[in-house]
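In: here is a sequence together with a model predicted from it:
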Amino acid sequence: MLLNLNFRVIGETLPEFWVGFVSTLSISLTAFAGAIAIGIIACAMSIQPSRLVRAPAVAYVDVIRATPLLAQLYFLYFGLPSFGVLMPETVIGIIALSINSGAYVSEIIRSGIMSIPRGQVEASASSGMNYWQQMRLIILPQALRPMVSPLIGQAIVLVKDSSLLSLISVLELTRAGQTLANDRFMPVEGLATTAVGYLIIYFGLKLMAAAWMRINHPSARH
Amino acid sequence: MTLFLEQLQGIAQYYPVILKGVGVTLALSVIGIVAGTIVGFVLGIARASSNTLLSFVVGAYTDIFRGTPVLVQVFVVFFILPEAGVELDSFTAGALALSNIAACFISEIVASGIRAVPVGQAEAAASAGLTRLQQLRLVVLPQATRMIVPSLVGQFVLLVKDSSVVSAIGLLDLTRSGWIIVQSVPNGMLVFSVVGIGYFLICYPLLHLSRRMEKT
């Protein structure tokens, strides 16, 4: 089945796939930036002592993690227009992806901060540092390191999740494959090319994670 | 307010559709969890084996599915397998795609669990006269499993959520039921809040369980 792929058709439609590929990349990058911003805010709220500040952040993370992205996407896609908010599908998609990934990013940042031994915070407090100095000089420099690998992992998830945007007719990699499948009746060629596109991004990010591990944890296996 | 109540009533009239959707989502999740765990353990043991070729082949296979979106895989099973002469209805196609991706993710979890068991354990078991299968079954796997249970439960939650993607091939699951209802009850936020509550009721207990196990 895979041996008689029609490479001529793949070649002809490659420009369309390139557009989809670039679109997937730019949607993912934008949404990832949004997710980091949301994640930082949600995490900052969730580690405050005040219950009133903590509760909304915890609820946000739990609700997002316990419901599928597709339902969240449809919630915005079908829900925003009834409030008179009209936005292009791509923007709705990026918002949904950011809100979704933001919850996971918040958890990643939180576990990075929690990995710092309590004694360090106490020591810095007793040497007279205020909250921001503790964060900036003691906690964050150490906490950032263990966050990198999980964040790359979340980026991989985000790129794959962005394929759901094809269901609200955003032109990206999956949609490009579907178009080829439907217009030319070539589902094998369309979906195979789409899959290859995602695998390129996947292995690219995986190599980045491996390189990071090699530089920072030379003793670890892999 | 009256409009809101009317819309809520409109959704309530669709309860058979919602119930059917919940049933399909649950059925797919259970099939995916059971099949994915069984196949995932087999693949994971192969992945962690000392046979480099076997480990590489399994790693390459799982990487292909871990690196592509579930949606694309569901399309592949539903649209491409028929070209190869395998006709599947949408439920079977969805169940197959979900079980396969679950197996791929679980195999990596199992393999990392096995690798985390100190080598000395297997060596001690070997010098106590256990065969390789006995070493695996009696010494390595029980310890590995204990370590990976929280990640496994976390993976199950992902699977329940990923099952929503089968709505794209027209299968009436919980997400699809929302999609149908929203065509006649024009309040997307309300409709998909109801859908979201359905998923939350399934996923949150699992999430909570996974988090509690991670702490102990």
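Out: Ah, there it is.

In: quick check: chain neighbours aside, which residue is closest to B:Val39?
Out: B:Ala103 (3.8 Å; Cβ to Cβ, 6 or more residues apart in numbering or on different chains). Quick note: C-beta positions are derived from backbone N, CA and C, even for glycine.

In: which element is the one you found on?
Out: Element membership for B:Ala103 (DSSP states H and E) is helix B:90-116.

In: now that helix, how far from the centre of its chain.
Out: From the chain centre to the centre of helix B:90-116 is a distance of 7 Å (Cα atoms, centre = their mean, to the nearest Å).

In: try stretch B:43-59
Out: With Cα atoms, centre = their mean, you get 21 Å for stretch B:43-59.

In: so for that stretch, what gets flagged as buried?
Out: B:43-49, B:58-59 (16 or more other Cβ atoms under 10 Å in any protein chain shown).

In: let me see the contact set for B:Gly85.
Out: With contact set as Cβ atoms under 8 Å, 6 or more residues apart in numbering or on different chains, B:Gly85 has no partners.

In: over to it: give its phi and psi.
Out: B:Gly85 adopts backbone torsions of phi 90, psi 10, taken as degrees, to the nearest 10.

In: one more: B:Ser49?
Out: Dihedral angles (degrees, to the nearest 10) for B:Ser49: phi -70, psi 160.

In: do the same with B:Thr131
Out: phi -70, psi 170.

In: just the buried residues of stretch B:43-59: which has the poorest pLDDT?
Out: Among the buried residues of stretch B:43-59, B:Ser49 carries the lowest pLDDT, at 90.

In: please name the residues that touch the closest residue in space to that one that isn't next to it in sequence.
Out: With Cβ to Cβ, 6+ apart as the criterion, B:Ser49 has its nearest non-adjacent residue at 5.7 Å, and that residue is B:Ser55. Residues near B:Ser55 by Cβ under 8 Å, 6+ apart: B:46-49.

In: again, only this time at 7 Å
Out: Applying Cβ atoms under 7 Å, 6 or more residues apart in numbering or on different chains to B:Ser55 gives the contacts B:46-47, B:49.

In: go on, A:Asp161?
Out: So A:Asp161 contacts A:69, A:97, A:100 (Cβ under 7 Å, 6+ apart).

In: with these in mind, which one is nearest to chain B?
Out: Nearest to chain B, judged by Cβ to the nearest Cβ, of the contacts of A:Asp161 is A:Leu69 at 7.2 Å.

In: can you tell me how far the closest residue to that closest one other than its chain neighbours is from A:Glu107?
Out: Distances taken as Cβ to Cβ, 6+ apart put A:Asn100 closest to A:Leu69, at 4.9 Å, once the chain neighbours are dropped. Separation of A:Asn100 from A:Glu107 (Cβ to Cβ, to the nearest Å) stands at 12 Å.

In: name the residue in these two with the higher neighbour count.
Out: Comparing A:Asn100 with A:Glu107 by other Cβ atoms under 10 Å in any protein chain shown, the one with more neighbours is A:Asn100, at 24 against 19.

In: pLDDT score for the more buried one?
Out: Per-residue confidence at A:Asn100 stands at 98 (pLDDT).

In: show me the longest helix that occurs in chain B.
Out: helix B:15-47 (DSSP state H).

In: now B:Val17: closest residue in space that isn't a chain neighbour?
Out: Closest to B:Val17 by Cβ to Cβ, 6+ apart is B:Ser177, at 4.6 Å.
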